[in-house]
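J.: I would like the atomic coordinates for the input below:
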Amino acid sequence: MPTEENMQALETSAGQATAAPEATENKAYSEDEVQNLLKALKSEREARKIYEKEIKEKTAQLERFKDINPEEHRRILEEAAIAERERLAAEERTSLLEEKYGAQAAEANKKAEQYQSELKEVRKRYALEKVFFAAGGRTDAEGGISFFDLLADRLGANFRLEANGMITVIDSNGDPILDADTGKRIAPEEYLSSFKSHPIYGTFFRGQLGSGAGIGFGGTDANGMTADDFSELSAEAMFERAFGM
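T.: Below is the predicted model:
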């Protein structure tokens, strides 16, 4: 017979299943089935408590009537046998419930966790996009592709979304990158700005003609080298030229 811990674990899994988004497609369970599972488990738990109470009462009665009332003793034994059959039937029902709903509850919980992971990634991308624009990133796009999309696909793993919605720059081990001078975490805007001198990523940022802060828009880049003027090119043409396509 399932232990109290197993029944609680199954009930918890079923409860978590209800937290999965309603928009999840092709789910292998229904809300009614999950609710029925919870009700059935609760009913079986109550039946088990009643059975255990009855066993204690019958045992006490047997001790009292075993010697002084053989007929009553026989009747009590019969009732105990009936109670045992009911217990076995309850155990079988619980096993069937676990077999029927256990896999569905686990799958629903898995989908809920996947949804939470995808939602966190969307929030991270949105927060990173704001940092990119704050660092001077270009906002234009073409053909469904933006400069931010290209940068995020390449450098997105270098950032982590914190519980407060802020972005942290991390290394390959997942540890925050610290500023060598201050010992504090490097600001995401500062980290992204460091790519303005990059021959490829530098084209993803707005140029400042002649200021040395941009690349690919005339004037000079951050290294003082003369840069081509890409300002008249479309985003797609500029990308193809930057990557040598």
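
J.: first to last residue in stretch 126-146, what's the distance?
T.: By Cα to Cα, to the nearest Å, the extent of stretch 126-146 from end to end equals 14 Å.

J.: Which of the residues in stretch 154-172 are classified as buried?
T.: For stretch 154-172, burial by neighbour count (16 or more other Cβ atoms under 10 Å) applies to L155, N158, F159, L161, I167, T168, V169. Any C-beta I mention is one placed from the backbone N, CA and C, and that applies to glycine too.

J.: Show me how the record splits this structure into domains.
T.: Split into domains by automatic domain parsing, the chain comes to 4-121, 135-242.

J.: Confidence-wise, which of these is weakest overall?
T.: When the domains of the chain are ranked by mean pLDDT, domain 4-121 comes last with a mean of 73.

J.: I'd assumed V34 was in contact with A108.
T.: Yes. A108 is within contact range of V34, at 7.2 Å (criterion: Cβ atoms under 8 Å).

J.: Of those two, which one has the most company?
T.: A108 (25 against 21; other Cβ atoms under 10 Å).

J.: My reading is that the more buried one lies in a strand. Confirm?
T.: No. Counting by DSSP: H, G, I helix; E, B strand; the rest coil, A108 is not found in a strand; it is helix.

J.: And it, how close does it get to A80?
T.: Distance, A108 to A80, using Cβ to Cβ, to the nearest Å: 40 Å.

J.: With L96 instead?
T.: From L96 over to A80 the distance is 25 Å, taken as Cβ to Cβ.

J.: mind listing what's buried in stretch 117-129?
T.: In stretch 117-129, counting by 16+ other Cβ under 10 Å, buried: K124, A127, L128, E129.

J.: in the protein, which spans are helices?
T.: Applying DSSP state H to the chain gives helices spanning 4-17, 31-65, 70-134, 147-155, 188-193, 235-242.

J.: other SSEs contacting the fourth one?
T.: Spelled out, it's helix 147-155. Judged by 3 or more Cβ pairs under 8 Å, 6 or more residues apart in numbering; DSSP states H and E, helix 147-155 is in contact with helix 70-134.

J.: Check which helices and strands the helix it packs on sits against.
T.: Checking 3+ Cβ pairs under 8 Å, 6+ apart, helix 70-134 ends up next to helix 4-17, helix 31-65, helix 147-155, strand 159-161, strand 167-169, helix 188-193.

J.: Taking helix 70-134 as reference, get the angle to the third one.
T.: With axes from the mean of the first three to the mean of the last three Cα atoms, to 10 degrees as the criterion, the two stretches helix 147-155 and helix 70-134 enclose an angle of 120 degrees.

J.: hmm, who's touching helix 147-155?
T.: 125, 128-129, 132-133, 137-141, 192, 195, 201, 203-204, 235, 239 (Cβ atoms under 8 Å, 6 or more residues apart in numbering).
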